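[1] Give the three-dimensional model of this entry:
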Amino acid sequence: MPYIPDQTINTGMFVPTTNVWDISQIQEIDVNSAEFKELMVRLYQNISNIATALNKKVTGYHINQEFVNGKLYYNPASTDPQDYRPGFIITIDTGALGAGANAVNHGLTVTNTWHWMAIYGAATNTGTLVGYSIPDLNIGVNVTATQIIITNNTGLAFTDSTVTLEYVKY
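    Below you'll find the model as predicted:
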């Protein structure tokens, strides 16, 4: 189970960048000394901190296939407060949007153990460079087990659109 730091004292996962190693001291150190053992412990701690930070980062990838995004969500089916569920993300090209309802298959195998965490995107008219966020006051978006349904009530036609889905499974 992943460890999540106390949120009241740890507001992010950061690796310090101020560790400076004096090469001459490292070259002169006796490998049988207590100083060498301390150096090794500090190096292992630094590597562990880097690995932990990298493994817990939220990814910036928005690709058109299911991808673990690095987010962790609580598990309502568990009494263990450290039993987290990994988040997944997929970005889908939903194409041109005409007026009214526009449906696009998302290609995911959704079950009743899934929870949608975020549904968002944008629509663009490349001719006029008009862009709208999805959802918007005049553009709605819903997801079913098989489709993304975008309802366009803007009075505008969009030449392309993209929707990102974030979800958890358990």
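[2] Show me what the helix or strand that contains Ile50 is packed against.
    Assigned by DSSP states H and E, Ile50 belongs to helix 34-56. Judged by 3 or more Cβ pairs under 8 Å, 6 or more residues apart in numbering; DSSP states H and E, helix 34-56 is in contact with strand 67-74. Any C-beta I mention is one placed from the backbone N, CA and C, and that applies to glycine too.
[3] Now do the buried residues in the helix or strand that the strand it packs on is followed by.
    Going down the chain from strand 67-74, the next helix or strand is strand 84-93, by DSSP H and E. Residues of strand 84-93 classed as buried: Tyr84, Arg85, Gly87, Phe88, Ile89, Ile90, Thr91, Ile92 (neighbour count, 16 or more other Cβ atoms under 10 Å).
[4] ok, now stretch 31-41?
    Applying 16+ other Cβ under 10 Å to stretch 31-41 flags Leu39 as buried.
[5] for that stretch, the distance to its chain's centre please.
    39 Å (Cα atoms, centre = their mean, to the nearest Å).
[6] Can I get it in PDB? Just the C-alpha atoms.
    Extracted in PDB, the C-alpha atoms of stretch 31-41 (Å, rounded to 0.1, in the frame of the first residue of the first chain):
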ATOM      1  CA  VAL A  31      35.600   2.500   2.600                       C
ATOM      2  CA  ASN A  32      35.900   0.800   6.000                       C
ATOM      3  CA  SER A  33      35.200   4.000   8.000                       C
ATOM      4  CA  ALA A  34      32.100   5.100   9.800                       C
ATOM      5  CA  GLU A  35      32.000   8.200   7.500                       C
ATOM      6  CA  PHE A  36      31.700   5.900   4.400                       C
ATOM      7  CA  LYS A  37      28.900   4.000   6.000                       C
ATOM      8  CA  GLU A  38      27.100   7.300   6.800                       C
ATOM      9  CA  LEU A  39      27.700   8.400   3.200                       C
ATOM     10  CA  MET A  40      26.200   5.200   1.800                       C
ATOM     11  CA  VAL A  41      23.100   5.700   4.100                       C
END
